[in-house]
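Would you be able to build a 3D model of this:
(chains A and B)
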Amino acid sequence: MLERATSGQPSAINRAAADLKARKRRKDRVANLAAYAVLIVIALIMLYPFYWTLITSLEPTGNIYQAKLLPSGVSLKNYVEVLTGTTVPFWRLILNSLIICTAGVTLTVTLAALAAYPLAKMRFPGRDLIFYAILVLMVLPNEAGLIVNYITTIKLGLLQQTNPVIDAIRQYAAVVLPSIASIVGLFLLRQAYLGVPVELIEAARIDGAKELTIWRRIMLPLALPTIVAFGILEFVAYWNSFLWARIMLPDKNLMPLSAGLLELSGTFSTNSRAVMAGAVITVLPILVIFAFGQRYFMKGIEGAVKG
Amino acid sequence: MTTTPRRESRRAQHARGGTGARVTVRNTLIAYAFMLPFLVLLVLYHTWPVFFGTYLAFTKYNIISPPEWVGLENFRTLAADSQFWSGLKNSLKYILVVPVIQILAIGVALLVNRPLKGIGFFRTAYYVPVVTSFAVVGLIWTWMYQQDGPVDAVLGFLGLHRGGSLLNNPFTALYAVMFVTLWKGIGYYMVLYLAGLQAIGRELEEAAVIDGATRWQVFLNVTLPGLRPTILVCSLLSTISAIKVFEEIYVMTQGGPAGSTYTALFYTYSRAFVDFQYGLAAAAGLIIAVISILFGLLNFKLTRGGKADA
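Numbering: from 1, shown residues only, chains lettered A, B, ... in the order given. Okay, the predicted model is just below:
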């Protein structure tokens, strides 16, 4: 209607409409500017601590905790000190984290992807019971988890020390095992599988495909976006985990990086800059993963709650 | 076996909206084989702790000798322990974070829901603290709080300078740690509220605007009620994690100074992993669990079950 008035006769209505539009545009521009101002202030609050840690870790000397916008000097001395340090075996910690993340993510995703298949697409006695039991477990708070899981780990003999290689494998298992059965992952994957058309699966069954083949050839490819999102979520979780490993592991050589960083802050208390360098090294892989997988990542989070 | 009954049963399944093959012993075994590794670990590390932990709460246990049933003794010990009470008090104080973080997260979500250029950058920036380990976050903020550090500088600039690390002061330490929880958590709830806002859609809001509602009226009468399910989920999550706050405390203050950041879960941790009194620790854990459940129910009631309409 407005359109026709504009192209038709130039009238008072027309001018009023243009006036209104211009005023709205001006109002929008002011609102947008205000929004940007607030957005930038919040971004500074969120990012400055990281930036400050980075520039301070680069400084060779000076007043360490001072607020600043630029480093007073740049050197990699602190990084060299951390990576060649003898108090904490930093390379070993990185290796530990890589092993824990690889084993953890692979096992967590595989087990959830396997377990979710029957719950979504097969009929068997006890299906609903298992499903609701898992639901209840998700809601129940599990404060005793840390204590009882510690006892379980000891009773399973995972902290025994006999020979270095077997000890290492056992202790990695002790770190990873309690987190592998992911209820959230089971839900996410079940949701993804539910969206796969039944006809596809039935056709495959009529063709004589085994269930494992159907799972591998039909379910996994079609659920791939969810699997990737969940895999990224789990990588971040395993990379960042430190509490369980720190409470349980007697051998600090086997700790993951996050837990080792706290060890570093204890032993390097005289050189906070070196610890800051360690913190930067710990954050970097997550930022890289996050930058590449951000879209999947956000979806995974939203799905986890909507699920 | 002929093909006719098979086909019939399949059609029957379709009618019931069922999925998958028929129920046979073979198929049942296959189904359980798929779930077996998951279920074994689930029972061992998720179900077993619930039951064994509850049992331990009524025993004396030090791992070496078998648990010895002591009835309510652990709970009597807790009731008489002032350290436990002050831990509980601090944990309840920590719930102050919940309304603040929810209001800020809704505000931020509204802000980043605007179709502005470069909004993706801001969303990502706000999310970076969420994906960073508590080990790193805790250390960074411990340094930021040091005397004459960035926090001091900002407070001084605002004319609020007290001097000295906020973490070393018994009156401010808990709030300083709470701020870190807030800072780390906002991005997480922002994403959830963003999803909630996008689920509401713009049509209702636009209709309200056409009917002459002001922006504030639209927010109060359309947006906020639409967000109610999300608010329930978010406040539930943040209340429960506030009661169970631990990692920030572990990294930043270890319960100090002068017990001012000693929370209930830190008490549990100390009894178990410092004193090796697993029964007593389990009893404290059980109490925290019950409190979490009660607050969960309260949340449910306050948000009217998260129903979109009052």
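
Let me see the contact set for A:Leu39.
B:111-112, B:116, B:119, B:122 (C-beta atoms under 8 Å, 6 or more residues apart in numbering or on different chains). No exception for glycine: its C-beta is placed from N, CA and C like everyone else's.

right, and out of those, which lies closest to B:Gln198?
Of all those, B:Gln198 sits closest to B:Val112, with 11.2 Å by C-beta to C-beta.

Select only the buried ones of the contacts of A:Leu39 in PyMOL?
Entered in PyMOL, the line below selects the buried ones among these, by 16 or more other C-beta atoms under 10 Å in any protein chain shown:
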select buried, chain B and resi 111+112+119+122
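
just the contacts of A:Leu39 that are near chain A?
For chain A, the contacts drawn from these by C-beta under 8 Å from any C-beta of the partner chain are B:111-112, B:116, B:119, B:122.

can you tell me which of those residues are in strands?
Secondary structure defined by DSSP state E assigns none of those to strands.

In CSV: these, plus pLDDT.
Output for the ones next to chain A among the contacts of A:Leu39, formatted as CSV (pLDDT from 0 to 100):
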residue, pLDDT
B:Leu111, 94
B:Val112, 93
B:Leu116, 90
B:Ile119, 90
B:Phe122, 93
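
Could you point out which of these is nearest to chain A?
Nearest to chain A among these is B:Phe122, at 4.8 Å by C-beta to the nearest C-beta.

dump the residue contacts of the closest one.
Under the criterion of C-beta under 8 Å, 6+ apart, the neighbours of B:Phe122 are A:39, A:42-43, B:112.

Nearest to chain B: which residue in the stretch 1-150 of chain A?
A:Ala144 (2.3 Å).

residue contacts, the closest residue to that residue other than its chain neighbours?
Closest residue to A:Ala144 apart from its sequence neighbours, by C-beta to C-beta, 6 or more residues apart in numbering or on different chains: B:Gly53 at 2.3 Å. By C-beta under 8 Å, 6+ apart, the residues touching B:Gly53 are A:143-145, A:147-148, B:282, B:285-286.

again, but for B:Thr77
Counting by C-beta under 8 Å, 6+ apart, B:Thr77 touches B:280, B:283.

same thing but at 10 Å, please
Residues in contact with B:Thr77, defined by C-beta atoms under 10 Å, 6 or more residues apart in numbering or on different chains, are B:70, B:84, B:271, B:277, B:279-280, B:283-284.

of these, list those near chain A.
B:271, B:279, B:283-284 (C-beta under 10 Å from any C-beta of the partner chain).

what stretches of chain A score poorly on pLDDT?
A:1-10, A:267-270, A:298-307 (pLDDT under 70).

quick one on the thing from earlier: include secondary structure when you put the contacts of B:Gly53 into a markdown table, please.
Shown next, in a markdown table, are those (DSSP: H, G, I helix; E, B strand; the rest coil):
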| residue | secondary structure |
| --- | --- |
| A:Glu143 | coil |
| A:Ala144 | coil |
| A:Gly145 | helix |
| A:Ile147 | helix |
| A:Val148 | helix |
| B:Ala282 | helix |
| B:Gly285 | helix |
| B:Leu286 | helix |
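
rewinding a little: let's see which of the contacts of B:Phe122 end up in helices.
A:39, A:42-43, B:112 (DSSP state H).

what's the closest of those residues to B:Leu92?
A:Ile42 (28.7 Å).

From what I see, the closest one and B:Ala105 are in contact.
No - checked against C-beta atoms under 10 Å, the pair A:Ile42 and B:Ala105 is beyond contact range at 11.3 Å.

Skipping adjacent residues, who's closest to residue 113 in space?
Using chain A. Excluding its sequence neighbours, the residue lying closest to A:Ala113 (C-beta to C-beta, 6+ apart) is A:Leu189, at 5.4 Å.

I was after chain B.
Spatial nearest neighbour of B:Asn113, excluding adjacent residues (C-beta to C-beta, 6+ apart): B:Leu197 at 5.0 Å.

Check the gap between the one you found and B:Leu224 for me.
In this view, B:Leu197 and B:Leu224 are 11 Å apart by C-beta to C-beta, to the nearest Å.

Overlap in contacts, these two.
B:Ile106.

of those two, who's got more company?
B:Leu197 (20 against 13; other C-beta atoms under 10 Å in any protein chain shown).

Looking at the more buried one now. What's its pLDDT?
Per-residue pLDDT puts B:Leu197 at 91.

Which helix or which strand is home to it?
In the assignment (DSSP states H and E), B:Leu197 maps to helix B:173-200.

thinking again about what came up before, how about JSON lines for the contacts of B:Phe122, with distance to A:Gly157 added?
Below are these laid out as JSON lines (distance: C-beta to C-beta, whole Å):
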{"residue": "A:Leu39", "distance to A:Gly157": "54"}
{"residue": "A:Ile42", "distance to A:Gly157": "50"}
{"residue": "A:Ala43", "distance to A:Gly157": "50"}
{"residue": "B:Val112", "distance to A:Gly157": "50"}
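
Can you show me the helices along the stretch 51-200 of chain A?
Ranges of helices in the stretch 51-200 of chain A, per DSSP state H, counting those that start in this stretch, are A:77-84, A:90-121, A:127-139, A:145-155, A:164-180, A:183-194, A:198-206.

The fifth one to helix A:90-121, inter-axis angle?
Looking back up the chat, that one is helix A:164-180. Taking axes from the mean of the first three to the mean of the last three C-alpha atoms, to 10 degrees, one finds that helix A:164-180 is oriented at 40 degrees with respect to helix A:90-121.

Spell out which residues are contacts of both of A:Ile42 and B:Ala105.
Common contacts of A:Ile42 and B:Ala105 (C-beta under 10 Å, 6+ apart): B:126, B:186-187, B:190.

so what's the residue nearest to B:Asn113 up against?
Applying C-beta under 10 Å, 6+ apart, the residues near B:Leu197 are B:106, B:109-110, B:112-113, B:205, B:223, B:226-227, B:230.

neighbours of A:Arg170, just the number please.
Each residue near A:Arg170 was counted by other C-beta under 10 Å, and the total is 18.

pretty sure it is touching A:Val176, no?
No - between A:Arg170 and A:Val176 there is no contact under C-beta under 10 Å: 11.0 Å.

shared neighbours, the two?
Between them, A:Arg170 and A:Val176 share no contacting residue under C-beta under 10 Å, 6+ apart.

Could you measure from the residue of the stretch 1-150 of chain A closest to chain B over to B:Trp48?
For A:Ala144, the distance to B:Trp48 - C-beta to C-beta - is 10 Å.

again, but for B:Ala282
From B:Ala282 to B:Trp48 the distance is 13 Å (C-beta to C-beta).

repeat for B:Gln277
According to C-beta to C-beta, B:Gln277 and B:Trp48 sit 20 Å apart.

Show the contacting residues for B:His46.
By C-beta under 10 Å, 6+ apart, the residues touching B:His46 are A:134, A:137-138, A:140, A:142, A:145, A:149, A:178, A:181-183.

Turn the residues you listed into TSV, including neighbour count.
Compiled in TSV, those are given as follows (neighbours: other C-beta atoms under 10 Å in any protein chain shown):
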residue	neighbour count
A:Ile134	21
A:Leu137	16
A:Met138	12
A:Leu140	15
A:Asn142	20
A:Gly145	18
A:Asn149	25
A:Pro178	21
A:Ala181	26
A:Ser182	25
A:Ile183	16
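
Alright, I will stop here.
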